[in-house]
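1. Sequence and computational prediction follow.
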Amino acid sequence: MSDIQRLKVLRIVLVVVGVACLGVYPLMLLWPSGWAWHSGYSDYPMMIVGVYATLGVFLIRAARDPLANLSLIWFAVWSSVVHGAIMAVQSFAHAGHMGHLLGDVPVLFIVAIALGVLTPRGDKARALRVTA
């Protein structure tokens, strides 16, 4: 795949991931064992929804010009790795959260891998800025 083709795919993935971030709240309602970490009343879910909805909007916006938004994209990559790793450990530590190993945990790692593989870095990113 050429660098230009990879950039086009990255734009699509950014929109898909952004829309998925906007869909966190419905997922928490429809599949709580795989997406919600609290039952009953808690302020925590809405804080997560707020953070992910904001990230989603900015990832969708970044799709217009990914090369101008590399720091945001790398934030999404590394925060997904860290968040997924923490949740994986917590899932094993609390038997009631094992459903997350089939829900949000793998999704975070898939997002990190997809964005990480498609996002240009270093000299390649600088060169693409000139040609794109």
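-> Looks like it arrived, so ask away.
2. In the chain, where's the longest helix?
-> When the chain is parsed with DSSP state H, its longest helix is helix 70-93.
3. from the middle of its chain, how far away would that one be?
-> 8 Å (C-alpha atoms, centre = their mean, to the nearest Å).
4. ditto for stretch 108-120
-> The answer for stretch 108-120 is 8 Å, by C-alpha atoms, centre = their mean.
5. now do stretch 61-76
-> With C-alpha atoms, centre = their mean, you get 12 Å for stretch 61-76.
6. again, but for stretch 93-109
-> With C-alpha atoms, centre = their mean, you get 15 Å for stretch 93-109.
7. Identify the residues contacting it?
-> The contact list for stretch 93-109 (C-beta atoms under 8 Å, 6 or more residues apart in numbering) reads 20, 27, 31, 33-35, 37, 80-81, 83-84, 87-88, 90-92. Where you see a C-beta, it was placed from the backbone N, CA and C, and this is true even at glycine.
8. quick one: which of those residues is nearest Asp123?
-> Using C-beta to C-beta, the shortest approach to Asp123 within these belongs to Val81, at 23.7 Å.
9. The nearest residue to that closest one once chain neighbours are set aside: which element?
-> Closest residue in space to Val81, ignoring its immediate chain neighbours: Ala112 at 4.7 Å, by C-beta to C-beta, 6 or more residues apart in numbering. Per DSSP states H and E: Ala112 is located in helix 104-118.
10. Tell me where the model's unsure across this structure.
-> Scanning the chain for pLDDT under 70 picks out 39-41, 125, 130-132.
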